[in-house]
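1. coordinates for the following, if possible.
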Amino acid sequence: MSNSPSRNPVLLIHGIDDTAILFNRMTSYLHQGGWAVHSLDLIPNNGSVGLDRLAHQVANYIEQNFAPDQPIDLIGFSMGGIVSRYYVQRLGGIDRVQRFVTISSPHNGTWTAYFRPNLGGNQMQRNSAFLYDLNQDVAALAQINFTSIWTPMDLMILPAVSSRLPVGREVILSVPSHPQMVTDARCLKAVADALSEPLQVLPSPDLRLEQMLPLQK
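-> The predicted model follows:
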């Protein structure tokens, strides 16, 4: 199927220790569905620099590869979801991105980040100052179509409910492992469904940020 002119180009952002190769199956799946798909390799990919610096790589890629008036859709897996959030919430991406999907991202931190003793790892720890600051204006994501996809069986995002945010939609899938989230047929369909949603201003949910903060303890 050729790329549909009614569909935004999609940019995929990988997680820690990954490269764009991670998305080969998802890229093929979305191509068949009519999307133009882009991805980039975050360098370095091991957390040795801050996620805010990696977000600038995303911003630069978008500036160099898309026309200024071209809206895009954004998908971030694991750490890539946090990098993408920084781009959207801090670097002006809220004015470019119309649909934003995170897949198994540690929005409220993960205990496994303590095994990565570098800046990026520190930023993804539970109760990190970086995530606390980013979550202060999480309501901004209600301005766009935001979807969080995650699995309760995730052993990389601990606790798995760290992938929840009090805005947008969530899709909970019984996928048995963290890396399978980018290849599982159910997740691929959920991504396509999120990218197919009509644009709308999503209402802010009743769940307030203050109600989410106990999850960080």
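2. so for the longest helix seen in the chain, mean pLDDT?
-> Longest helix in the chain by number of residues (criterion: DSSP state H): helix 51-65. Helix 51-65 shows an average pLDDT of 98 in the prediction.
3. so which residues make contact with that helix?
-> 11, 13, 38, 40, 42-43, 72, 79, 82-84, 86-87, 90-93, 96, 120, 123-124, 130 (C-beta atoms under 8 Å, 6 or more residues apart in numbering). In short, each C-beta sits where N, CA and C put it, glycine included.
4. hmm, 6 Å instead?
-> With contacts defined as C-beta atoms under 6 Å, 6 or more residues apart in numbering, helix 51-65 is touched by 40, 42, 82, 83, 86, 87, 91, 120, 123.
5. helix/strand/coil for the third one?
-> To tie it back to what came earlier, the one meant is residue 82. helix (DSSP: H, G, I helix; E, B strand; the rest coil).
6. closest one of the contacts of helix 51-65 to residue 134?
-> Nearest to residue 134 out of these is residue 86 (C-beta to C-beta; 6.6 Å).
7. what sits against the closest one?
-> Counting by C-beta under 6 Å, 6+ apart, residue 86 has contacts 51, 52, 55.
8. ends of stretch 11-20, how far apart?
-> Taking C-alpha to C-alpha, to the nearest Å, stretch 11-20 runs 10 Å from one end to the other.
9. from the middle of its chain, how far away would that stretch be?
-> Centroid separation for stretch 11-20 versus its chain: 10 Å, with C-alpha atoms, centre = their mean, to the nearest Å.
10. may I see the buried residues of that stretch?
-> 11, 12, 13, 14, 15, 16, 18 (16 or more other C-beta atoms under 10 Å).
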